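Q: pasting the sequence and the predicted coordinates here, then a few questions.
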Amino acid sequence: MAKILAVDDEPDMIWAITNVLLSEGHSVVSVNSGEEALVKVKDSPLDLVLLDFRLPGMDGIQILEKIKQIKPLLPVIMVTGYGGIEEAVQAIKLGASHYISKPFDNAQLIESVNKALQMDALRSEGLFGKRLAEKISPPKAERPSVQFQKKQSPGMKNILPLSVAAGLFALFFIGGLYFWNSKGGTDREFAIGHSKVSGLAFSGSSLWVTDWFTENIERYDWDGNKLNLVNSVSMPGAHLTGIAAAGDFLFTCDSWKKEISKYSSGERMTLAAAYPSPGPEPSGLFYDGKYLWSCDGKTRKVYRHALDDMLSVLEEYPVRAQFPVGMSHDGVRFWTADAVGAKIYRNLLQERFRQDAAFIFGDSPAGKPISAFSVKDGRFWVAYEGVSKIFLKNPSRLKETTP
């Protein structure tokens with residue numbers, strides 16, 4: 001586990017933080033001043049620093065600046081006082097990975113630490129590097145069976161009398177329809193037979209899904225209520241990292257070959273053309289009805305392509321996402337999904353791609369990066385690395401967060 005430096009001049013706070021982190025399997029070194037912290041940063045191998053904003057002598061911002069001079073890539077979580085938003089924003093601009101405000105509970109501390117460590121791992125290894133390691137030496141596990149029904153409370157149908165169950169079903173169904181129509185829909189999740197989804201793309205009622213580990217492309221039929229698997233095509237030797245459906249053709253990207261490929265969308269998926277990707281790590285695709293868009297996890301850019309013989313890049317835009325893995329736009333808002341921190345960024349397309357805000361879903365699987373993202377009828381479809389489900393999300397439940 002991680003070696004963490006805790007910097008705080010309050011003994012009770014140090015004691016509490018240390019106990020929580022030790023219970024999670026981490027090792028903890030604690031100091032109570034900025035000067036001691038800088039010595040530890042310089043002389044000790046550390047994975048993370050928890051730094052209190054208010055310390056005697058040097059304050060947290062001064063210490064943060066010096067830490068970044070010594071070890072620019074060392075993750076630092078700033079611990080601020082109640083309501084210290086301005087302090088937190090200043091710290092983030094200076095390179096802090098995250099901040100947490102006092103008072104906080106154990107769960108908040110653990111979540112913040114896990115996210116910062118995850119971000120550091122993705123930066124150092126890259127999402128594709130982690131995938132490569134897993135592909136070379138995968139964990140031994142049975143492939144789960146495919147199920148498409150919603151989760152149900154076990155045994156409920158055996159407990160309730162039939163008449164009561166029928167009445168409750170009618171009540172929930174009518175209420176659910178009203179809630180769906182008035183609020184944009186309840187969140188849904190659909191179990192699938194694999195956990196390494198790397199691309200999601202809609203074409204009418206068809207949802208195309210790529211899996212980088214199984215090297216398969218699957219087509220599901222979405223009837224507004226269920227996902228039904230229609231067919232699966234194996235693409236041996238491919239490392240599929242994105243997919244887009246454009247009329248009679250499918251586009252996929254491959255981070256190993258550094259290519260964008262064009263296939264006929266029939267059952268056999270015949271290769272029609274292959275193009276070099278504009279960046280070294282193509283990580284997602286999206287077709288908007290006129291142009292193909294690609295994103296790259298290394299350059300942290302999105303590219304707008306003409307559908308010509310060269311798949312020419314017409315424009316490119318930097319994005320705030322540290323590892324973009326999916327995108328979509330409606331002509332005004334351009335959404336990008338970030339593997340790091342499971343964030344979703346909103347950009348304004350009509351203002352030269354002005355970066356507007358960052359969001360998270362509060363109920364995202366803990367510690368799991370977003371691996372694929374798409375939008376259909378104003379609702380978000382999301383997959384997470386290592387989770388054998390596809391999630392349908394109501395965007396009204398997004399919570400704004402720091403970029």
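A: Great, that's in hand.
Q: got the domain ranges for the chain?
A: Annotated domains of the chain cover 3-125, 157-401 [automatic domain parsing].
Q: just list whatever residues bridge to the nearest residue to Ala272 once chain neighbours are set aside.
A: Among residues not flanking Ala272 along the chain, Lys262 sits closest, at 4.6 Å (CB to CB, 6 or more residues apart in numbering). To be clear about C-beta, it is placed using only N, CA and C from the backbone, and glycine gets the same treatment. Counting by DSSP bridges, Lys262 is bridged to Phe251, Ala273.
Q: tally of neighbours for Lys262?
A: When neighbours are counted by other CB atoms under 10 Å, Lys262 registers 19.
Q: go on, Gly297?
A: Residue neighbour count, defined by other CB under 10 Å, stands at 26 for Gly297.
Q: now it: how far from Glu111?
A: For Gly297, the distance to Glu111 (CB to CB, to the nearest Å) stands at 24 Å.
Q: repeat that for Trp212.
A: Trp212 is 27 Å from Glu111, by CB to CB.
Q: which one's more surrounded, the two?
A: Neighbour count, other CB under 10 Å: between Trp212 and Glu111, Trp212 has more, with 28 against 16.
Q: my guess is Phe202 meets Lys376, correct?
A: Yes: with contact defined as CB atoms under 8 Å, Phe202 and Lys376 form a contacting pair (4.7 Å).
Q: so the closest residue to Val79 other than its chain neighbours versus Lys343, what's the distance?
A: Sequence neighbours aside, Asp52 is the residue nearest to Val79 in space, at 4.7 Å (criterion: CB to CB, 6+ apart). To Lys343, Asp52 is 25 Å away according to CB to CB.
Q: again with Thr80
A: Thr80 is 20 Å from Lys343, by CB to CB.
Q: returning to that earlier point: wait, isn't the residue nearest to Ala272 in contact with Met269?
A: No: the criterion here is CB under 8 Å, and Lys262 misses it with Met269 at 10.3 Å.
Q: overlap of the contact sets of those two?
A: Leu250 (CB atoms under 8 Å, 6 or more residues apart in numbering).
Q: what is the burial count for Ile14?
A: Ile14 has 19 neighbours, counted by other CB under 10 Å.
Q: what is the helix or strand containing it packed up against?
A: Element membership for Ile14, per DSSP states H and E: helix 11-23. Applying 3 or more CB pairs under 8 Å, 6 or more residues apart in numbering; DSSP states H and E, we find helix 11-23 packed against strand 3-7, strand 27-31, helix 106-125.
Q: winner for burial among these?
A: strand 3-7 (a mean of 22; mean count of other CB atoms under 10 Å).
Q: and the direction of that one versus that of helix 106-125, what angle?
A: Here the directions of strand 3-7 and helix 106-125 differ by 120 degrees (axes from the mean of the first three to the mean of the last three CA atoms, to 10 degrees).
Q: gap between strand 3-7 and the chain center?
A: Centre-to-centre, strand 3-7 and its host chain are 26 Å apart (CA atoms, centre = their mean, to the nearest Å).
Q: tell me the strands beside that strand, with direction?
A: Partners of strand 3-7 in its sheet, by DSSP bridges: strand 27-31 (parallel), strand 48-52 (parallel).
Q: could you check the angle helix 11-23 makes with it?
A: Orientation check (the same axes, to 10 degrees): strand 3-7 against helix 11-23 gives 170 degrees.
Q: my guess is Asp52 meets Asp9, correct?
A: Yes: Asp52 is in contact with Asp9 according to CB under 8 Å; the separation is 6.9 Å.
Q: more neighbours, the two?
A: Asp52 (24 against 15).
Q: what are the buried residues along stretch 366-375?
A: By 16 or more other CB atoms under 10 Å, the buried positions in stretch 366-375 come out as Lys368, Pro369, Ile370, Ser371, Ala372, Phe373, Ser374, Val375.
Q: so the fifth one touches Leu200, yeah?
A: So the one you mean is Ala372. Yes: look at Ala372 against Leu200 with CB under 8 Å: they come within range, at 4.5 Å.
Q: any shared contact partners between the two?
A: Val209, Gly326, Ala383.
Q: can these go into TSV with extra columns for neighbour count, distance to Tyr317 and pLDDT?
A: As requested, the shared contacts of Ala372 and Leu200 are arranged in TSV below (neighbours: other CB atoms under 10 Å; distance: CB to CB, whole Å; pLDDT from 0 to 100):
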residue	neighbour count	distance to Tyr317	pLDDT
Val209	26	26	98
Gly326	31	15	95
Ala383	29	24	96
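Q: circling back: quick one, which of Phe202 and Lys376 is more surrounded?
A: Per other CB under 10 Å, whichever of Phe202 and Lys376 has more neighbours is Phe202, with 19 against 16.
Q: next one: phi and psi at the more buried one?
A: Phe202 adopts backbone torsions of phi -100, psi 140, taken as degrees, to the nearest 10.
Q: what's across from it in the sheet?
A: Per DSSP bridges, the residues bridged to Phe202 are Leu207.
Q: packing partners for the host helix or strand of Phe373?
A: Assignment of secondary structure by DSSP H and E places Phe373 within strand 370-376. If you count contacts as 3+ CB pairs under 8 Å, 6+ apart, strand 370-376 packs onto strand 197-203, strand 206-211, strand 282-287, strand 324-329, strand 333-338, strand 343-348, strand 379-384.
Q: list the buried residues of stretch 224-237.
A: Those would be Leu227, Met235, for stretch 224-237 by 16+ other CB under 10 Å.
Q: from start to finish, how long is that stretch in a straight line?
A: Its start and end residues considered, stretch 224-237 measures 34 Å (CA to CA, to the nearest Å).
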